[in-house]
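Novice: Got a sequence here, can you build the structure:
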Amino acid sequence: MEKFKRKVFYLGGFDPRGVRFYHQLYREQAARHGVLTGQAVDVSARRAGPAGASVSAAWTVANPQAGVETDYEYLRWEDLVGKVWIRNPLSLALRAARAYAGHVRHMDFGRMRRLRKGPVITILYPPVLAVLIPLLLALAPALLLALLIPFWAAALAGVALSALLSGRILAKLVVPWLLRFMTYHHALAADGPGPDLDARLDQFAARIAQELDGDWDEVQLVTHSAGTILGMRLMRRLLALRGGALPGHFTMLGLGQVVPVIGLRRDAAWYQDDLRALSDQHFRYVDISSPPDGAAYYNVNPFRLVADHHAARVEMLSPRFHLFYEPENYHGGWSNKYEAHFDYLRVGDRLSPMDLISLTAGRRTVDEAIAAFRMIP
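Specialist: Numbering: from 1, shown residues only. Predicted coordinates for the structure are as follows:
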């Protein structure tokens with residue numbers, strides 16, 4: 001069997017855990033894929049990318065039974081995330097309050113709601129719960145205890161109970177993560193990427209441009225979560241480096257796309273310029289976003305946020321996770337929002353042509369995988 005050679009660039013979201021976590025996750029999911037298919041997928045150890053360890057890490061994915069070899073390159077920006085990751089709860093509360101004031105002033109929530117209602121709820125519930133849950137956990141026991149002990153003692157007991165329990169409950173509901181996400185993206189919309197992030201995106205674009213003429217049967221740029229936002233700016237740079245021409249075997253994928261978080265900010269003119277510039281360019285873009293994922297914008301074409309027409313060949317798909325998971329393993333409901341947003345990187349209880357391992361370690365091209373996926377009733 002002639003070997004099928006694939007190059008994958010992965011740009012992840014707003015997550016300080018970085019390459020070690022995602023390499024291990026890929027290994028685990030490759031093992032699950034092997035159990036379902038009988039095809040042993042070997043994932044090598046990590047190594048520094050060609051432009052240096054600060055820019056990317058890489059590993060080789062070998063699927064000999066399918067005749068596939070993939071060079072997987074993880075584009076690194078977790079160090080930049082770590083610099084702005086707010087760890088102190090009080091600092092997070094104060095900065096989130098300022099950030100939400102900025103979102104209220106500048107976000108086009110009316111248009112966002114018309115696009116998808118779920119993400120509007122996901123954006124707005126964290127500050128409400130961050131206030132209500134600690135307040136209720138303090139007030140309810142304080143009022144009950146006040147019937148038995150002095151009010152000052154009851155109030156202290158209520159505050160202590162709230163301090164003990166509210167953090168755990170808020171974390172279970174993904175409130176701190178969403179507050180950090182919205183705080184960072186408020187600053188990103190208002191101030192732009194800044195020199196450090198822009199320099200990193202330039203390095204990413206240069207790496208992809210170097211590989212487009214390599215000996216690859218397929219080249220993928222896979223973006224996930226907040227990586228879908230940065231991916232658009234990256235694509236503009238890549239197209240500029242290539243004179244507006246990309247080879248036919250290149251595909252950009254957006255998993256759990258969140259572009260409107262910046263694209264619908266009235267003050268993010270810099271980002272809307274990126275989207276307008278891309279709307280005139282010819283390339284392949286596949287969006288895979290799940291309707292139950294409250295953090296993603298299913299069936300929202302990012303280029304239509306700024307233009308009535310676009311030149312890119314765009315496909316919008318739901319991964320239909322419910323078909324590939326047993327009910328007890330399906331990530332639905334409020335308490336599973338965080339996990340649902342990472343199911344794009346996992347293999348379910350049944351194999352999907354559109355899971356990340358099938359797309360990056362399987363024999364099918366992206367278009368062939370889409371065709372197989374559409375045949376599933």
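Novice: hang on, isn't Y298 packed against P319?
Specialist: No. Because the distance of 9.6 Å does not satisfy CB atoms under 8 Å, Y298 is recorded as not touching P319. For glycine as for every other residue, the C-beta is placed from the backbone atoms N, C-alpha and C.
Novice: Pull up the overlap in contacts between the two.
Specialist: Common neighbours of Y298 and P319, counting by CB atoms under 8 Å, 6 or more residues apart in numbering, are 289-290.
Novice: residues touching the spatially most central residue of the chain, list them.
Specialist: Residue closest to the average C-alpha location in the chain (CA atoms, centre = their mean): S225, at 1.4 Å. By CB under 8 Å, 6+ apart, the contact set of S225 is 12-15, 255-256, 258, 295, 341.
Novice: measure it to L178 for me?
Specialist: Counting by CB to CB, to the nearest Å, the separation of S225 from L178 is 12 Å.
Novice: Which residues are in contact with each of the two?
Specialist: Each of A295 lies in contact with both S225 and L178 under the rule CB under 8 Å, 6+ apart.
Novice: Which residue ranges of the protein form strands?
Specialist: Secondary structure of the chain (DSSP state E): strands at 4-11, 42-43, 47-48, 56-63, 68-75, 218-224, 250-255, 284-288, 313-317.
Novice: In TSV, list these along with distance to L305 and mean neighbour count.
Specialist: Shown next, in TSV, are the strands of the chain (distance: least, CB to CB, whole Å; neighbours: other CB atoms under 10 Å):
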stretch	distance to L305	mean neighbour count
strand 4-11	20	22
strand 42-43	36	18
strand 47-48	37	12
strand 56-63	29	20
strand 68-75	24	22
strand 218-224	16	25
strand 250-255	13	26
strand 284-288	13	23
strand 313-317	12	16
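Novice: Distance to G231 and mean pLDDT for those strands - can I get that in a markdown table?
Specialist: A markdown table is the format used below for these (distance: least, CB to CB, whole Å; pLDDT from 0 to 100):
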| stretch | distance to G231 | mean pLDDT |
| --- | --- | --- |
| strand 4-11 | 6 | 98 |
| strand 42-43 | 23 | 98 |
| strand 47-48 | 23 | 98 |
| strand 56-63 | 15 | 98 |
| strand 68-75 | 10 | 98 |
| strand 218-224 | 4 | 98 |
| strand 250-255 | 7 | 98 |
| strand 284-288 | 9 | 98 |
| strand 313-317 | 14 | 96 |
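Novice: With distance to A240 as extra columns, can I get those in TSV?
Specialist: Converted to TSV, the strands of the chain look like this (distance: least, CB to CB, whole Å):
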stretch	distance to A240
strand 4-11	17
strand 42-43	33
strand 47-48	26
strand 56-63	20
strand 68-75	18
strand 218-224	15
strand 250-255	15
strand 284-288	17
strand 313-317	20
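Novice: about what we covered before: quick one: which of the contacts of S225 is nearest A206?
Specialist: Checking the contacts of S225 against A206 with CB to CB, the nearest one is G12 at 18.9 Å.
Novice: For that closest one, which residues are in contact?
Specialist: Taking CB under 8 Å, 6+ apart as the test, what G12 contacts is 22, 74-75, 78, 224-225, 227.
Novice: Could you report the neighbour count for the closest residue to F181 other than its chain neighbours?
Specialist: Across the structure, with CB to CB, 6 or more residues apart in numbering as the measure, the residue nearest F181 apart from its sequence neighbours is F14 (5.5 Å). One way to gauge burial is a neighbour count; for F14, by other CB atoms under 10 Å, it gives 22.
Novice: which secondary structure elements does the longest helix anywhere in the chain contact?
Specialist: In the chain, taking DSSP state H as the definition, the longest helix is helix 117-145. Judged by 3 or more CB pairs under 8 Å, 6 or more residues apart in numbering; DSSP states H and E, the packing partners of helix 117-145 are helix 89-106, helix 109-115, helix 151-172, helix 175-191, helix 260-263.
Novice: Pick the most deeply packed of the ones you listed.
Specialist: Mean neighbour counts were taken over these using mean count of other CB atoms under 10 Å, and the top value, a mean of 24, falls to helix 260-263.
Novice: just the CA coordinates of that one, formatted as PDB?
Specialist: As requested, the backbone C-alpha atoms of helix 260-263 are provided in PDB (Å, rounded to 0.1, in the frame of the first residue of the first chain):
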ATOM      1  CA  PRO A 260     -18.300  35.900  17.100                       C
ATOM      2  CA  VAL A 261     -16.800  36.500  20.600                       C
ATOM      3  CA  ILE A 262     -14.500  38.900  18.900                       C
ATOM      4  CA  GLY A 263     -16.200  39.300  15.500                       C
END
